[in-house]
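Student: curious how this folds, go ahead:
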Amino acid sequence: MARESKEEEPVEAPPEIKPKLTLVVLLSALIGIFLTLLTVGAIYHFQSGKAVENELAVSKEEVRRKTLMLTEAQEQVTALSKQVHALREFSIARASGAAEEAIVAGKQPTQAATPAATPAPASPDSEALKKEAAPPPVVKKAKPAGLDCQLVGKSAEEQMATLQRCTKAMDGKK
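Tutor: Numbers count the residues shown, from 1 in each chain. Model prediction:
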């Protein structure tokens, strides 16, 4: 009987305790990886932002420099067009004999060509320099009837005919 009582009482094994430590280690490792990725992403974003800001600053400086060059070129074109206009008026006046009258009166007709030696002003702020560089006003003389020497906007045949007519008119007036 004593044996039966020993057999009836089975020895209970201690209950298996699942370790909670592995779960904590796993969660902390995942949180660490997540925080590391966030830090690397923030650093990359910051560096990308700085690179874009630097590139934008360089682009703005380049646009500003090219704008200044464009305004200077426009000023030069304006000055040259005024000089061409003055020279055209002088040649028309010379062809009609008005230049000879101006020379006799003591006025030099070459004054219209003197702005060619004056360079265009470098800065748009100098209005006084623009006024000094402007050619003096030329008094327009009446053109002889039929003497239109403009070549702009005409076809090649019309330009040829106009050139021939104008050269004949100028040769005839000498």
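
Student: next structured bit after the helix or strand bottoming out on mean pLDDT in the chain?
Tutor: When the helices and strands of the chain are compared on mean pLDDT, DSSP states H and E, helix 127-133 comes out lowest with a mean of 52. Once helix 127-133 ends, the next helix or strand along the chain (criterion: DSSP states H and E) is helix 156-173.

Student: using PDB, list the CA coordinates for that following helix.
Tutor: The C-alpha coordinates for helix 156-173 follow below in PDB (Å, rounded to 0.1, in the frame of the first residue of the first chain):
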ATOM      1  CA  ALA A 156      15.700  91.300-102.600                       C
ATOM      2  CA  GLU A 157      14.500  92.700-105.900                       C
ATOM      3  CA  GLU A 158      13.000  95.800-104.300                       C
ATOM      4  CA  GLN A 159      16.200  96.300-102.300                       C
ATOM      5  CA  MET A 160      18.300  96.100-105.500                       C
ATOM      6  CA  ALA A 161      16.000  98.600-107.300                       C
ATOM      7  CA  THR A 162      16.100 101.000-104.300                       C
ATOM      8  CA  LEU A 163      19.900 100.800-104.100                       C
ATOM      9  CA  GLN A 164      20.300 101.600-107.800                       C
ATOM     10  CA  ARG A 165      17.800 104.500-107.600                       C
ATOM     11  CA  CYS A 166      19.500 106.000-104.500                       C
ATOM     12  CA  THR A 167      23.000 105.700-105.800                       C
ATOM     13  CA  LYS A 168      21.900 107.300-109.100                       C
ATOM     14  CA  ALA A 169      20.300 110.100-107.100                       C
ATOM     15  CA  MET A 170      23.400 110.600-105.000                       C
ATOM     16  CA  ASP A 171      25.800 110.500-108.000                       C
ATOM     17  CA  GLY A 172      23.600 113.000-109.800                       C
ATOM     18  CA  LYS A 173      23.700 115.500-106.900                       C
END
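
Student: what mean pLDDT does it get?
Tutor: Helix 156-173 carries an average pLDDT of 84.

Student: so which bits of it are buried?
Tutor: Residues of helix 156-173 classed as buried: 162, 166, 170 (neighbour count, 16 or more other C-beta atoms under 10 Å). C-betas here are computed from N, CA, C, even on glycine.

Student: I appreciate the help and will end here.
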